[in-house]
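>>> Okay, predicted coordinates and the sequence, questions at the end:
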Amino acid sequence: MSEAAAAVIKPVSLLSDEQREHWRLAWLSTVDHKRIGILYILTGLVFFVFGGVEALFIRLQLSVPNNKLLSPDTFNALFTMHGTTMIFLVVMPLLFGLANYFVPLMIGARDMAFPRLNAFSFWLVPFGGILLHFSVLAGGAPAVGWFAYAPLSETPYSSQLGVDYWAIALLVLGIGSVGTAINIVATVLCLRAPGMTLRRVPMFTWINFINSFIVILAIPVLNAGLVMLLIDRQFGAHFFLQGDEGNSGSAIMWQHIFWAFGHPEVYILALPAFGIVSEIIPVFSRKPIFGYEFVAGSTVAIGLLSFGVWAHHMFTVGLGHTADLFFSGASMLIAIPTGVKVLNWSVTMFGGRIRFTTAMLFCIAFLIQFLCGGLTGISHAIVPLDWQTKNSYYLVAHFHFVAVGAIFFAILAAIFYWFPKMSGRMLSERIGRWTFWLMTLGFNMTFVIQHFLGLAGMPRRVYTYPDLPGWGWMNMVSTIGAFFMAAASLLLLWNVAISLFRGAAAGDNPWNAWTLEWATSSPPPHENFHALPPIHSRRPLWDIANPDRPDPVVGSSEKPEVAKPERTTVSVLAFIASEAGFFGVLILAFLFYNATPHPGPSAKSLDLLKTGLFSICLFASSYTLWRSEQSLERKDNRGMIGWLALTILLGAVFLGGQGIEYWGLFKSGVNVSTNLFATTFFTLTGFHGIHVCGGLVALLIVLALALAGDFKSGSSHMLKAVGLYWHFVDVVWVLVLTVVYIIPHFR
């Protein structure tokens, strides 16, 4: 038994004091992707308890008409905390944990591309969760829904600090999510084993790879909105709050920003679930997945289309017929690649020798419930139907059919499928079947009937309701179902706990599966693999077990593999894409709020000549940094240091010029709350200045390393990476200078 297995199986209470201390420190300071994956999963399960208890109180309040168990404010707080906790602190950590653990194993890598970044990204999750729940002690939990619609989330309507803690917590969690996504992209692109081409990676890996791009592009949109909301609340600005002429923001803008993140977020949660069932169904059907290329291609299509459907959440706002028509069509279109996946999974099972393990049962339930959730989702793409059902319990049922009936059921399937690999022990199939039937029965009792409640007219987001015909007994059935789900969850936790210590030994490959994670011990050693099998197809373990009938070779084994990119460069490019999304929102907000003139200071109040002079310094710094890189390639260490120092000086001059401009505005009485121009100006240019400061810190670190002689070999991935970031900052300033300073002067 490996040392890792012994550490998992041996009770902590049986260890000596020294061993116990080492065990604790090893888990707290670990950078091993497997332990970080387990920590993600444990964190998700802990917050699942919090979110589940909140859900039970919500259902108890709604179990009978005119109930007074909870006050309206308490109900709203529970509603907000439940939604935020389940999405950001339960489902996302569970999915990130599975990706952390299994993506490197599936591609034959020893670890994630950036182990320390991986650990940092994880620890932001409990930190963000603590921040969110600390709001209960700091003046009251947020009570604005997980979507925090303005103006309800603005200070005049929600003066307690809970909304601020909510926004800061989501910012922290968003930064961690982007870090994990960048790591997954770099790991898949740069650390694949020999022979593991992108066309051969397991479907779970491919889907998480594509999903990471959605995270990288979508989360910064929310981060920008959260920053704008915090500026409103803390500095008296009016991004989303009505005010005097020239200082009257738009509550609808918050909805656009939130749902531009929120609908891709649905696929951020759903796509990894698709990857899970794409691995499990073929194994227990004893067939390769039908149409691998179609499943992979439809994933890319979903990723692209997910960014063009957000306003179907806003049909009831009144965007106009043209916008409604576009987003209705886009919402219907995205159903096509999703339907392709359902077809592929169904045909994979057709004619297969199906083994009805607990994992497979959860996958079958996933298929049926996801199909139902998808069909009700299509109804929301039809504008007249959406107008009737949008703010009813019909939508609550639809959302939970996707979020619970599909995504959470897939996670449960993953736990039963991969627990043997993570622990070396088998979960009890007998308890697992009880868990499955209780969970399936409870889920359908809870949410099927909510469709009918919605069609009967029951609105969502209400803490109580009158005793109308049928509403009382249907809500009672829904509440009873929720307690069935709670019982199933307790059974699952009990199964995990007893199986860790008394479960049957799993062996390396208890399911006779075909992907690389099953080619190593259970649990895997620290280095993951002692040796890797040859990889010529998508099922390398099948090829070993069946040498007389191996899978067809995917791609050419004779052609040399394409050189893998350098991981630092990949990560910086991914980070730049993320920051481009952040600045894109701020620039669009500036254009929107300054499309028409307003009283008070405007862009014409700015000194274009002075700004142009210190802008030249910033643009020149890109040239001097390029010269520094050229000097390094020629092994001219002295020239490299000189040009690098000049780059830092020019960047500092630019910051100084921006500081002088700010000081002049402050002296004339212009601050972030003066009017919408000032608000958008200080926000956009201020965050650019923060990025310049970050770039200068990175350049100073590179300069210090160069002075210490670290770059004498003539090559530095670090300098190239920092250079890419610095050039990006310069490009952003070109856009800011054009939009903020130049164009307004020619109106």
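Sure thing, it's come through.
>>> Show me where the stretch 151-300 of the chain has its helices.
Using DSSP state H, counting those that start in this stretch, the helices found in the stretch 151-300 of the chain span residues 162-190, 203-235, 251-285, 292-305.
>>> what's the closest of those helices to Pro151?
helix 251-285 (5.3 Å; Cβ to Cβ). For every residue, glycine as well, the C-beta is placed using N, CA and C.
>>> ok, back up a step: now the helices of the stretch 151-300 of the chain as TSV including mean neighbour count, distance to Ile354 and mean pLDDT?
Shown next, in TSV, are the helices of the stretch 151-300 of the chain (neighbours: other Cβ atoms under 10 Å; distance: least, Cβ to Cβ, whole Å; pLDDT from 0 to 100):
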stretch	mean neighbour count	distance to Ile354	mean pLDDT
helix 162-190	24	30	97
helix 203-235	23	18	97
helix 251-285	24	5	96
helix 292-305	18	19	95
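>>> quick one, which of the ones you listed is nearest to Ala595?
The closest of the helices of the stretch 151-300 of the chain to Ala595 is helix 251-285. By Cβ to Cβ, the value is 12.3 Å.
>>> can you state the direction angle for that closest one and helix 292-305?
Here the directions of helix 251-285 and helix 292-305 differ by 170 degrees (axes from the mean of the first three to the mean of the last three Cα atoms, to 10 degrees).
>>> now for helix 251-285, which elements pack on it?
helix 92-106, helix 203-235, helix 292-305, helix 335-349, helix 358-381, helix 409-423, helix 567-593 (3 or more Cβ pairs under 8 Å, 6 or more residues apart in numbering; DSSP states H and E).
>>> Let's see that with 7 Å instead.
Applying 3 or more Cβ pairs under 7 Å, 6 or more residues apart in numbering; DSSP states H and E, one finds that helix 251-285 contacts helix 92-106, helix 203-235, helix 292-305, helix 335-349, helix 358-381, helix 409-423.
>>> next one: the shortest one to chain centre, how far?
This points to helix 292-305. Relative to the chain's own centre, helix 292-305 is displaced by 18 Å; criterion: Cα atoms, centre = their mean, to the nearest Å.
>>> residues making contact with it?
203, 206-207, 210, 213-214, 267, 271, 278, 289, 330, 333-334, 337-338, 340-341, 344, 538 (Cβ atoms under 7 Å, 6 or more residues apart in numbering).
>>> between that helix and helix 335-349, how many degrees?
150 degrees.
>>> What is the subsequent helix or strand relative to helix 292-305?
Following helix 292-305 in sequence order, the next helix or strand is helix 321-333 (DSSP states H and E).
>>> Could I get the average pLDDT for that following helix?
Helix 321-333 carries an average pLDDT of 93.
>>> Number the residues from 618 up from this point.
Got it, first residue is 618 now, which makes that one helix 938-950.
>>> Show me what it is packed against.
Checked by 3+ Cβ pairs under 7 Å, 6+ apart, helix 938-950 has helix 975-998 packed alongside it.
>>> So which of the helices and strands packed on helix 868-902 is nearest Ala1206?
From the helices and strands packed on helix 868-902, taking Cβ to Cβ, the stretch that ends up closest is helix 820-852, at 6.9 Å.
>>> before we move on, back to that, could I get the helices of the stretch 768-917 of the chain as CSV with distance to Leu984?
Formatted as CSV, these follow (distance: least, Cβ to Cβ, whole Å):
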stretch, distance to Leu984
helix 779-807, 26
helix 820-852, 15
helix 868-902, 7
helix 909-922, 14
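>>> and of these, who's closest to Leu1070?
Among these, the nearest to Leu1070 by Cβ to Cβ is helix 868-902 (22.3 Å).
>>> Now find how far off-centre stretch 664-671 is within its chain.
So, by Cα atoms, centre = their mean, the centroid of stretch 664-671 is 20 Å from its chain's centroid.
>>> what comes into contact with that stretch?
695, 698-699, 702-703, 706-707, 746, 1103, 1106.
>>> and those residues, which of them are in strands?
Assignment to strands by DSSP state E places none of the contacts of stretch 664-671 there.
>>> Please export the C-alpha coordinates of stretch 1301-1308 as PDB.
Extracted C-alpha coordinates of stretch 1301-1308, given in PDB (Å, rounded to 0.1, in the frame of the first residue of the first chain):
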ATOM      1  CA  LEU A1301     -11.500  53.000 -15.800                       C
ATOM      2  CA  THR A1302      -8.200  54.900 -15.500                       C
ATOM      3  CA  GLY A1303      -7.800  53.900 -11.800                       C
ATOM      4  CA  PHE A1304      -7.900  50.200 -12.600                       C
ATOM      5  CA  HIS A1305      -5.500  50.700 -15.500                       C
ATOM      6  CA  GLY A1306      -3.200  52.500 -13.100                       C
ATOM      7  CA  ILE A1307      -3.400  49.500 -10.700                       C
ATOM      8  CA  HIS A1308      -2.400  47.200 -13.500                       C
END
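>>> Tally up the residues packed near the nearest residue to Cys807 once chain neighbours are set aside, please.
Spatial nearest neighbour of Cys807, excluding adjacent residues (Cβ to Cβ, 6 or more residues apart in numbering): Arg1184 at 4.2 Å. The burial count assigned to Arg1184 is 20, neighbours taken as other Cβ atoms under 10 Å.
>>> And Arg1184, what's its pLDDT?
pLDDT at Arg1184 comes out at 93.
>>> That one contacts Ile801, correct?
No: at 11.8 Å, Arg1184 does not count as touching Ile801 under the criterion of Cβ atoms under 7 Å.
>>> excluding its backbone neighbours, what's nearest Met931?
Nearest to Met931 is Gln872, by Cβ to Cβ, 6+ apart, at 5.6 Å.
>>> Distance check, that neighbour against His880.
Taking Cβ to Cβ, to the nearest Å as the measure, Gln872 falls 12 Å from His880.
>>> Then Gly925?
For Gly925 relative to His880 (Cβ to Cβ), the value is 9 Å.
>>> Between those two, which contacts overlap?
With Cβ under 7 Å, 6+ apart, Gly925 and His880 have no common neighbours.
>>> where does the stretch 918-1067 of the chain dip in pLDDT?
Judged by pLDDT under 70, the stretch 918-1067 of the chain has no weakly predicted residues.
>>> do that again at 90, thanks
Within the stretch 918-1067 of the chain, the segments meeting pLDDT under 90 span 933-936, 968, 1007.
>>> just the stretch 668-817 of the chain next, same as before
753-757, 777.
>>> swap the cut-off to 80 and go again
Applying pLDDT under 80 to the stretch 668-817 of the chain flags no residue at all.
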